[in-house]
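*Asks:* I would like to see how this sequence folds:
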Amino acid sequence: MPRKNRGGMFVISAPSGAGKTTLCNRISRKVPHLRQSVSFTTRKPRKGEINGREYTFISEPEFRRMIGQDDFVEWAVVHGNYYGTSRQRLEDIMAAGFDVLLDIDTQGARQIRDSWSGGAYIFILPPSIEVLRERLEKRASNTPDDMERRLSRAVEEIRDYGMFDYVIVNDILKDAVKELEAVVTAERLRSENIDKVWLKNNFLC
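*Replies:* Alright, predicted model coming up:
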């Protein structure tokens, strides 16, 4: 179906360790015309992460300068580090006709929902809190204190599930990818996303 030229937005949130970043990477490679917006952060890169791919890594003073310039559509402090989504990056991706995929925490999702019209909001759950703990324990970068903070925050984030349009349980990864792909497809087929000029010229002349 011919779609309008401007892209839409998919906001993906989850507790730390639920697997949202893996899901976002899988779906962005699988689904055409879908691009991830690379967020800014002050945290240190993890093993294997590349600046400009997973995140744009910057200093805290530079992040604060960008806040002062209103460069972020949302930003938050999570586990002691700053994270933010560039307003200009979102605009550039959507103006080019691509749907943008945002991998952000629930604070950021709430900020965008309060200030930005449209978009689909998707929450990723682990199959259980026990599985979430196991996943966090496998991360070498998580100290015991850090892990407990993340688990405590996870409970608070899960309480906000109702502000999302869709909830996906990431138990078996391939199934979760299929469900996320189904959400993207359904949203693209919404009537407001059809190219109205194409519709008029082909059917309403």
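
*Asks:* Quickly list what the most centrally placed residue in the chain is bridged to.
*Replies:* In the chain, the residue lying closest to the centroid (C-alpha atoms, centre = their mean) is D103, at 2.1 Å. On the basis of DSSP bridges, D103 takes part in beta bridges with I12.

*Asks:* quick one: contacts for it?
*Replies:* Residues near D103 by C-beta atoms under 8 Å, 6 or more residues apart in numbering: I12, K20, T21, C24, Q36, S39. Quick note: C-beta positions are derived from backbone N, CA and C, even for glycine.

*Asks:* Among those, which are located in strands?
*Replies:* Among these, the members falling in strands (DSSP state E) are I12, Q36, S39.

*Asks:* can you put those in JSON lines and add neighbour count and distance to T56?
*Replies:* Shown next, in JSON lines, are the ones in strands among the contacts of D103 (neighbours: other C-beta atoms under 10 Å; distance: C-beta to C-beta, whole Å):
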{"residue": "I12", "neighbour count": "25", "distance to T56": "18"}
{"residue": "Q36", "neighbour count": "21", "distance to T56": "12"}
{"residue": "S39", "neighbour count": "22", "distance to T56": "7"}
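
*Asks:* Name the nearest of these relative to R53.
*Replies:* Q36 (9.3 Å; C-beta to C-beta).

*Asks:* Surely the closest one is in contact with C24?
*Replies:* Yes: taking contacts as C-beta atoms under 8 Å, Q36 lies within contact range of C24: 6.0 Å.

*Asks:* re the thing from before, dump the ones in strands among the contacts of D103 to TSV, plus pLDDT and distance to L136.
*Replies:* Listed next are the ones in strands among the contacts of D103 as TSV, based on pLDDT from 0 to 100; distance: C-beta to C-beta, whole Å:
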residue	pLDDT	distance to L136
I12	96	19
Q36	93	23
S39	92	21
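
*Asks:* ok, the residues you listed vs I93, which is closest?
*Replies:* Nearest member of these to I93, counting by C-beta to C-beta, is Q36, at 8.8 Å.

*Asks:* need the contact list for that closest one.
*Replies:* Q36 neighbours (C-beta under 8 Å, 6+ apart): C24, N25, S28, V100, L101, L102, D103.

*Asks:* Need the buried ones from those selected in PyMOL.
*Replies:* Buried subset of these, written as a PyMOL selection, criterion 16 or more other C-beta atoms under 10 Å:
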select buried, resi 24+28+100+101+102+103
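
*Asks:* For the contacts of Q36, work out which two are farthest apart.
*Replies:* Taking C-beta to C-beta as the measure, the contacts of Q36 have their most distant pair in N25 and V100, spaced 14.7 Å apart.

*Asks:* where along the chain do the helices fall?
*Replies:* 20-30, 60-68, 87-95, 106-115, 129-137, 144-158, 173-188, 196-203 (DSSP state H).
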